[in-house]
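1. no FASTA, just this:
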């Protein structure tokens with residue numbers, strides 16, 4: 001358990017500007033758990049403890065700082081504004097990347113690292129031109145301008161990119177269209193890897209590489225083996241980027257956020273474990289480079305308004321107030337979930353397509369039992385995954401409402417199922433969006449002492465830029 005001291009906001013830039021050579025890390029890792037609030041991380045640590053797994057490595061860091069995440073125009077930030085803040089050191093409006101609130105361009109700590117002679121890598125579990133990775137190389141007032149952002153990626157001259165592809169890579173409708181991004185990358189000297197074999201063939205000495213990999217969701221990969229993980233692309237980055245002047249590496253666990261948006265606690269849990277394994281790769285590297293390495297772990301914001309507690313039941317989500325307090329938690333019940341909510345939705349759609357007009361709530365119940373371990377049979381002795389008659393009615397009413405023809409694309413029913421699953425573990429969500437809860441920034445290694453107290457997310461960039469000098 002980590003204990004935090006809330007202090008007055010620090011004059012971070014001034015305190016770190018006098019850094020001398022011995023305080024300058026050669027190797028800098030910045031890990032970003034997208035949507036990973038303190039509640040999500042505490043859930044992962046407690047689940048690991050109860051199940052006999054290795055405890056979360058992030059919680060062993062030496063220093064931490066409570067980090068305010070609000071953007072220039074909103075108490076609740078989006079990922080673009082937050083990425084701009086901790087990458088470039090300026091507050092901006094939601095939706096903007098690499099520019100301040102007035103549209104002025106600002107360079108990131110990754111650019112500062114490149115200018116210092118270090119190599120630079122940007123890794124994510126989502127698309128490489130999504131908001132968080134783009135915050136380190138792009139300048140655009142609209143985060144959805146994916147093709148233009150990908151051009152900024154091309155022009156960045158960074159040494160290594162890895163993620164689940166490039167969104168709108170061949171958008172011929174873009175006014176800035178210059179050709180397919182993958183082809184342009186190859187022409188610009190990048191070795192482009194779009195399968196596992198070409199990824200494995202990458203060797204030290206490769207100056208510029210782009211890895212497009214489909215990792216899927218960690219919960220769906222359990223026990224199946226194979227594929228490329230976030231730890232794998234992090235390990236490869238170290239191999240390719242290591243040089244006389246060192247490197248800067250940003251690693252994002254982007255699907256923690258995605259799973260919290262749809263209130264899928266179990267899938268978010270396994271994404272955090274996957275993210276933490278990548279952090280372990282950096283910690284192992286640090287053992288051999290203790291005097292030269294800084295590792296920073298943060299979050300851009302919290303997603304889901306996640307609560308480690310669920311009150312008096314799932315049905316209480318429809319009420320205001322309760323006269324019952326329940327301090328129990330059964331978080332190991334999350335282990336009964338066998339697949340992600342998106343996989344559940346896919347299988348649900350397949351059954352619906354096959355059965356047509358005969359598709360019913362009974363079909364959904366069978367699939368909920370298979371995917372989530374829920375028990376609907378009233379003949380059985382009630383257990384931890386038993387669904388009460390009242391809660392079954394809520395689920396059926398939601399099913400009936402959102403599986404009408406005009407609502408075929410709604411995911412509201414699936415979210416209700418995930419909320420039911422969270423309740424069975426003694427957890428709850430308050431929103432499908434972001435919250436304004438502060439993030440926690442952890443640090444270990446050279447310069448880690450600069451991260452303490454209460455800071456702004458912009459201070460992360462300011463500290464790193466000063467250390468990179």
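-> Here it is on my side, so go on. In this text the structure is predicted, and so the values were computed from the model without any measurement.

2. low-confidence stretches in the protein?
-> Along the chain, segments meeting pLDDT under 70 span 1-22, 311-328, 378-380, 404-410.

3. can you spell out the domain ranges of it, please?
-> As given by automatic domain parsing, the domain ranges for the chain are 12-306+431-468, 314-424.

4. turn these into JSON lines, including mean neighbour count.
-> Yep, even glycine has a C-beta here, placed from its N, CA and C like the rest. Output for the domains of the chain, formatted as JSON lines (neighbours: other Cβ atoms under 10 Å):
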{"stretch": "domain 12-306+431-468", "mean neighbour count": "21"}
{"stretch": "domain 314-424", "mean neighbour count": "15"}
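
5. distance between the lengthiest helix in the chain and the chain's centre?
-> Using DSSP state H, we find that the single longest helix of the chain is helix 265-288. Relative to its parent chain, helix 265-288 has a centroid offset of 12 Å by Cα atoms, centre = their mean, to the nearest Å.

6. equivalent analysis for stretch 119-129, please.
-> From the chain centre to the centre of stretch 119-129 is a distance of 12 Å (Cα atoms, centre = their mean).

7. quick one: end-to-end length of it, please.
-> Length of stretch 119-129, first residue to last, Cα to Cα, to the nearest Å: 19 Å.

8. equivalent analysis for stretch 154-161, please.
-> OK, stretch 154-161 end separation, Cα to Cα: 10 Å.

9. and stretch 187-201, by the same measure?
-> Stretch 187-201: ends 20 Å apart by Cα to Cα.

10. need the helices for the stretch 101-250 of the chain, in chain order.
-> 109-115, 131-134, 146-155, 181-187, 196-201, 218-221, 230-241 (DSSP state H, counting those that start in this stretch).

11. so which residues make contact with the fifth one?
-> Helix 196-201 is contacted by residues 193, 211, 213, 226, 227, 228, 232, 233, 236 when judged by Cβ atoms under 8 Å, 6 or more residues apart in numbering.

12. what is the nearest of these to residue 81?
-> Checking the contacts of helix 196-201 against residue 81 by Cβ to Cβ gives residue 233 as the nearest, at 26.1 Å.

13. how near is the closest one to residue 241?
-> Going from residue 233 to residue 241 by Cβ to Cβ, to the nearest Å gives 12 Å.

14. against which helices or strands is the helix or strand encompassing residue 354 packed?
-> Element membership for residue 354 (DSSP states H and E) is helix 341-355. Here helix 341-355 touches helix 361-372, helix 412-424, going by 3 or more Cβ pairs under 8 Å, 6 or more residues apart in numbering; DSSP states H and E.

15. could those helices go into TSV alongside distance to residue 384?
-> Below are the helices and strands packed on helix 341-355 laid out as TSV (distance: least, Cβ to Cβ, whole Å):
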stretch	distance to residue 384
helix 361-372	12
helix 412-424	7
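
16. for residue 55, find the nearest of those helices.
-> Among those, helix 412-424 sits nearest to residue 55 (Cβ to Cβ), with 22.4 Å.

17. what sits up against the closest one?
-> With Cβ under 8 Å, 6+ apart, helix 412-424 has contacts from 262-266, 310, 313-314, 317, 330, 333-334, 337, 341, 344-345, 348, 364, 368, 372, 374, 384-385, 387, 391, 394-395, 398-399, 401-403, 428-429, 432.

18. residue 100 against residue 107, yeah?
-> No - between residue 100 and residue 107 there is no contact under Cβ atoms under 8 Å: 11.9 Å.

19. pull the contacting residues for residue 430.
-> Contacts for residue 430 (Cβ under 8 Å, 6+ apart) come out as 304, 305, 306, 307.

20. from residue 34, how far out is the first one?
-> Right, residue 304. 12 Å.

21. residue boundaries of the strands in the chain?
-> 27-33, 63-68, 119-124, 160-163, 191-193, 209-212, 247-253, 293-298, 302-303, 434-435, 439-445, 453-456 (DSSP state E).

22. the first one pairs with which strands, parallel or anti?
-> In the sheet containing strand 27-33, its partner strands are strand 247-253 (parallel), strand 293-298 (parallel), by DSSP bridges.

23. what angle do the first one and strand 119-124 make?
-> In this case it means strand 247-253. 0 degrees (axes from the mean of the first three to the mean of the last three Cα atoms, to 10 degrees).

24. ok, now the shortest one?
-> Between the direction of strand 293-298 and that of strand 119-124, the angle (the same axes, to 10 degrees) works out to 30 degrees.

25. what lies in contact with strand 293-298?
-> Applying Cβ under 8 Å, 6+ apart, the contact partners of strand 293-298 are 25-33, 58, 61, 67, 86, 279, 282-283, 285-286, 439-448, 451, 457, 460, 464, 467.

26. still on that earlier bit, okay, the strands paired with strand 27-33 in TSV with distance to residue 48 next?
-> Shown next, in TSV, are the strands paired with strand 27-33 (distance: least, Cβ to Cβ, whole Å):
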stretch	distance to residue 48
strand 247-253	16
strand 293-298	16
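
27. out of the ones you listed, nearest to residue 42?
-> So among those, strand 293-298 is nearest, using Cβ to Cβ, at 14.4 Å.

28. off-centre distance for stretch 358-368?
-> Distance, stretch centre to chain centre, for stretch 358-368: 32 Å (Cα atoms, centre = their mean).

29. which outside residues touch it?
-> Stretch 358-368 is contacted by residues 344, 347-348, 351-352, 355, 374, 376, 395-396, 399-400, 403, 413, 417 when judged by Cβ under 8 Å, 6+ apart.

30. go again using 6 Å as the cut-off
-> With Cβ atoms under 6 Å, 6 or more residues apart in numbering as the test, stretch 358-368 has contacts from 348, 351, 352, 374, 376, 396, 399.

31. quick check: chain neighbours aside, which residue is closest to residue 272?
-> residue 44 (4.3 Å; Cβ to Cβ, 6 or more residues apart in numbering).

32. report the contact partners of that neighbour.
-> Taking Cβ under 6 Å, 6+ apart, we find residue 44 in contact with 56, 269, 272.

33. pipe those residues into CSV and attach distance to residue 220 per row.
-> Below are these laid out as CSV (distance: Cβ to Cβ, whole Å):
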residue, distance to residue 220
56, 21
269, 13
272, 15
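
34. and which of those is nearest residue 300?
-> residue 272 (14.5 Å).

35. and that closest one, how far from residue 130?
-> Using Cβ to Cβ, residue 272 is found at 18 Å from residue 130.

36. cool, and residue 415?
-> 22 Å.

37. against residue 252, how distant is the nearest residue to residue 36 once chain neighbours are set aside?
-> Spatially, and ignoring its direct neighbours in sequence, residue 36 is nearest to residue 299 (4.3 Å; Cβ to Cβ, 6+ apart). Here residue 299 is placed at a distance of 10 Å from residue 252 (Cβ to Cβ).

38. picking up where we left off before, among the contacts of helix 412-424, name the ones in helices.
-> Secondary structure from DSSP H places 265-266, 341, 344-345, 348, 364, 368, 372, 391, 394-395, 398-399, 401-402 of the contacts of helix 412-424 in helices.
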